[in-house]
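Peer 1: Model the following, please.
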Amino acid sequence: MQKVLITGAASGLGRELALRFAKEGADICIADINSEGSTETLKLVEKAGGKGWTAYLDVTSEDQWNALRADVEERWGGLDVLINNAGVATGDRIDAGEWAWWEWIIDINLKGVALGCRTFTPVMKKQNSGYIMNTASLAGLMILPSMASYNVTKAGVIALSETMYYELHAYNIKVTALCPGFFRTNLNKT
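Peer 2: Residues are numbered from 1 along each chain as shown. Prediction:
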């Protein structure tokens, strides 16, 4: 049974990814700051044939990531798949809006992904296997106007994923960046 951890799995793409793995009978950790949505996802996962558990996770907190790693190692002894999917979006130009928006989106979309990778790469190196998928966006490849901060964070996730692909190959750890186009999610919610 695959052991899968998905951030941002309380809704949107994260929930759909959880349901996809549930259909294969995976054991899934639904990690999100939205506890109510995580509980809903867990019910859907169980209905789809998987099993799992929920974990409250603020992806910007190194302490929370470390606590989750300890929980994962205690429950599962390792991790097969890490999906860094949690993210937010803004619409802005470089010379408009509050700088706080930039800090917020960089912390969640880029630092949150990097923290997830830093936290679980040692676990996967130790077991000499694993798969990491980082959710970026088509916006990281095809730059759109009035989305400066979002574009930058998603391009950063692509660069991080490509770097990790080469760094972790020798440890039998596969890394990809998922670059979906635009679709309805809760991405604009805090």
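Peer 1: in the chain, which spans are strands?
Peer 2: For the chain, the strands defined by DSSP state E occupy 3-7, 27-32, 51-56, 81-84, 130-135, 173-178.
Peer 1: Neighbouring strands of the shortest one in the sheet, and parallel or not?
Peer 2: For strand 81-84, sheet partners with direction are given as strand 3-7 (parallel), strand 130-135 (parallel), following DSSP bridges.
Peer 1: Please identify the deepest-packed of the ones you listed.
Peer 2: strand 3-7 (a mean of 27; mean count of other CB atoms under 10 Å). (C-beta placed from N, C-alpha, C; glycine too.)
Peer 1: quick one: that strand to strand 27-32, angle?
Peer 2: Going by axes from the mean of the first three to the mean of the last three CA atoms, to 10 degrees, strand 3-7 is angled at 10 degrees with respect to strand 27-32.
Peer 1: Excluding chain neighbours, give the residue nearest to residue 57 in space.
Peer 2: The shortest distance from residue 57 to any non-neighbouring residue, by CB to CB, 6 or more residues apart in numbering, is to residue 31 (4.0 Å).
Peer 1: check contacts around that neighbour.
Peer 2: 5, 6, 7, 8, 9, 38, 54, 55, 56, 57, 68, 86 (CB atoms under 8 Å, 6 or more residues apart in numbering).
Peer 1: Only the buried subset of these, as a ChimeraX command please.
Peer 2: A single ChimeraX command selects the buried members of the contacts of residue 31 (16 or more other CB atoms under 10 Å):
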select :5,6,7,8,9,38,54,55,57,68,86
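Peer 1: Using CSV, please lay out the contacts of residue 31 together with pLDDT.
Peer 2: Formatted as CSV, those follow (pLDDT from 0 to 100):
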residue, pLDDT
5, 99
6, 98
7, 98
8, 98
9, 97
38, 98
54, 98
55, 98
56, 98
57, 98
68, 98
86, 97
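Peer 1: which residue ranges form the helices in the chain?
Peer 2: For the chain, applying DSSP state H gives helices covering 12-22, 35-47, 62-76, 99-105, 112-127, 148-168.
Peer 1: Would you indicate which residues of the longest one are buried?
Peer 2: Right, helix 148-168. 148-158, 160-161, 164, 168.
Peer 1: hang on, the earlier thing: now tabulate the strands of the chain in a markdown table and tack on distance to residue 15.
Peer 2: Converted to a markdown table, the strands of the chain look like this (distance: least, CB to CB, whole Å):
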| stretch | distance to residue 15 |
| --- | --- |
| strand 3-7 | 9 |
| strand 27-32 | 8 |
| strand 51-56 | 12 |
| strand 81-84 | 12 |
| strand 130-135 | 13 |
| strand 173-178 | 15 |
